[in-house]
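Enquirer: Generate a structure from the sequence data that follows.
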Amino acid sequence: MAPEVSFHFMTPRVTVLMPVFNREEFVGQAIQSVVDQDFGDFELLIVDDGSTDRTPEVLRGWAERDGRIVVITAPRNLGIAEAPNLGMRHARTEYVARFDSDDLMMPGRLAGQAAVLDSHPEVVLVSSFYETMERDGRYTGTWDVDEPHEVVTWLLHFYNIVGGGGHVMFRRSQVQALGGYDAAYPSSEDYDLWVRLLRTGRILTLPLIGMKQRDHKGRATIEYAGIKRANWAAIMRKSLAPYLGRPISDEEIAALITIWRFDGKRGMAPIADRAMREAFTRFRRDHRDPELRRRARHRVARQWLQGARFFASAGNRIEAMQFLLRAVRWSPATVIDAARRRRG
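Expert: Numbering: from 1, shown residues only. Reported below is the predicted structural model:
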């Protein structure tokens, strides 16, 4: 743990912004993972968003031990979009590293992301890989999407390919200039912000594990599951319609959600494929680089393959075959490579 010394008289380089609501079980571990970073020039700005459990007591104890920890108490429960907006208004630094109160920050993240923003003024968002884990810390998977900025921006028309918001760093002034997080999209506020932010600059993803994300019943993604579909539809529509230069139908949105989020609906493949091919025609017109085109086709083919496996495991072989054939059409090499890996 860092020495018990106050840093309030200095301006740190990075603000780690962590909203928290009723996380007495996990917030101490989250804080510990931040103060154990090999990069110590930060303030940990915690927004207590109206917690009613022992969270305020836990936060007071940490703030008393480490002068880099600042606790802001919201006047009421603001929610998962407005709480970080409140935190940004109190942040003392330009660089903001977002972090969630039930996750674990991994070594090297803050130093690596700050170095990118220092040396690349055109980068507006620095992401990283991250691992997912059960409530008790058991490993469940890795989010390791590493695509070029142009491909990421294109894929955001269909899906939050950047991932959750707790593993990124950005410039506070750029996010605030866009109005910050939008409370109209609870639990999808990060997806909405990435769509808006990446129109102004580039994203760079560091090939390191920046955090461990904990999956449990209290996560906002589960709490807000009932309204996430409406959020996805609204964000996709306002992103994709200007890109294609035409209105997007409800049927197209529903089909794209089936492809990119596997909701199990049948008969959606032809509709989604037409919309994605129309979008890819625009992508090809904007980007002449063959490698960018290959990467975009590869990523879409992978999605069709995952959908084929999803339907096959559900016993729907006809739907699975339709997905597989579309994967081949997008990128035969991707399908062949996947088959070789499965055999080997």
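Enquirer: residue contacts, residue 72?
Expert: 45, 46, 47, 48, 86, 87, 90 (C-beta atoms under 8 Å, 6 or more residues apart in numbering). C-beta: built from backbone N, CA, C; applies to glycine.
Enquirer: Pretty sure the second one sits against residue 69.
Expert: What that stands for is residue 46. Yes - with contact defined as C-beta atoms under 8 Å, residue 46 counts as touching residue 69 (6.7 Å).
Enquirer: Which residue of those two possesses the greater neighbour count?
Expert: Taking other C-beta atoms under 10 Å, residue 46 and residue 69 do not tie; residue 46 has more neighbours (28 against 24).
Enquirer: Now do the same contact list for the more buried one.
Expert: Counting by C-beta under 8 Å, 6+ apart, residue 46 touches 18, 19, 20, 31, 59, 69, 70, 71, 72, 87, 101.
Enquirer: buried residues in stretch 266-283?
Expert: 268, 269, 271, 272, 273, 275, 276, 278, 279, 280, 283 (16 or more other C-beta atoms under 10 Å).
Enquirer: Same question for stretch 280-297.
Expert: Across stretch 280-297, burial judged by 16+ other C-beta under 10 Å covers 280, 283, 287, 292, 293, 295, 296, 297.
Enquirer: first to last residue in that stretch, what's the distance?
Expert: One end of stretch 280-297 to the other measures 8 Å (C-alpha to C-alpha, to the nearest Å).
Enquirer: That one: how far from the chain's middle?
Expert: 23 Å (C-alpha atoms, centre = their mean, to the nearest Å).
Enquirer: any low-confidence regions in the chain?
Expert: Where the chain drops to pLDDT under 70, the residues are 1-9, 216-226.
Enquirer: All the strands of it, in order from the start?
Expert: 14-20, 42-48, 69-73, 95-98, 104-105, 123-133, 139-143, 169-171, 202-214 (DSSP state E).
Enquirer: quick one: the helices in the protein?
Expert: For the chain, the helices defined by DSSP state H cover 27-35, 55-65, 82-90, 109-119, 149-155, 172-177, 189-197, 220-223, 225-244, 250-261, 269-286, 290-313, 317-330, 332-343.
Enquirer: got the contact list for stretch 210-217?
Expert: 26, 99-100, 102-106, 108-109, 112-113, 127-135, 137, 140, 143, 164, 166-167, 222.
Enquirer: what's the distance between the nearest residue to residue 316 once chain neighbours are set aside and residue 85?
Expert: Nearest residue to residue 316, sequence neighbours excluded (C-beta to C-beta, 6 or more residues apart in numbering): residue 266, at 6.9 Å. To residue 85, residue 266 is 41 Å away according to C-beta to C-beta, to the nearest Å.
Enquirer: Then residue 285?
Expert: 37 Å.
Enquirer: which one of the buried residues of stretch 266-283 is nearest residue 325?
Expert: Of all these, residue 325 sits closest to residue 269, with 8.9 Å by C-beta to C-beta.
Enquirer: what number of residues lie near the residue lying closest to that closest one once chain neighbours are set aside?
Expert: Spatial nearest neighbour of residue 269, excluding adjacent residues (C-beta to C-beta, 6+ apart): residue 322 at 4.7 Å. Residue 322 has 21 neighbours, counted by other C-beta under 10 Å.
Enquirer: what's the offset of stretch 290-302 from the middle of its chain?
Expert: Taking C-alpha atoms, centre = their mean, the mean C-alpha location of stretch 290-302 is offset from the chain mean by 21 Å.
Enquirer: Can you list the neighbours in contact with that stretch?
Expert: In contact with stretch 290-302 (C-beta under 8 Å, 6+ apart) are residues 147-148, 150-151, 154-155, 161, 276, 280, 283-284, 287, 327-328, 330-331, 333-335, 338.
Enquirer: Using neighbour counts, trim the contacts of residue 46 to the buried set.
Expert: Buried among the contacts of residue 46 by 16+ other C-beta under 10 Å: 18, 19, 20, 31, 59, 69, 70, 72, 87, 101.
Enquirer: Phi first, then psi, for the nearest residue to the third one once chain neighbours are set aside.
Expert: Counting by C-beta to C-beta, 6+ apart, residue 101 is the residue found nearest to residue 20 once chain neighbours are left out, at 3.8 Å. Main-chain dihedrals, residue 101, degrees, to the nearest 10: phi -80, psi 0.
Enquirer: check contacts around residue 101.
Expert: 18, 19, 20, 21, 23, 26, 27, 30, 46.
Enquirer: The first one and residue 97 touch, don't they?
Expert: No - between residue 18 and residue 97 there is no contact under C-beta under 8 Å: 9.2 Å.
Enquirer: List just the nearest of the contacts of residue 101 to residue 184.
Expert: residue 19 (17.4 Å).
Enquirer: Output the buried residues of stretch 280-297 in CSV, with distance to residue 80 appended to each entry.
Expert: Listed next are the buried residues of stretch 280-297 as CSV, based on distance: C-beta to C-beta, whole Å:
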residue, distance to residue 80
280, 33
283, 32
287, 34
292, 34
293, 37
295, 32
296, 31
297, 35
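Enquirer: And these, which is closest to residue 207?
Expert: residue 295 (15.4 Å).
Enquirer: coming back round to it: list residues touching both of residue 46 and residue 69?
Expert: With C-beta under 8 Å, 6+ apart as the test, residue 46 and residue 69 both reach 31, 59.
Enquirer: so how far is residue 89 from residue 202?
Expert: Counting by C-beta to C-beta, the gap from residue 202 to residue 89 is 26 Å.
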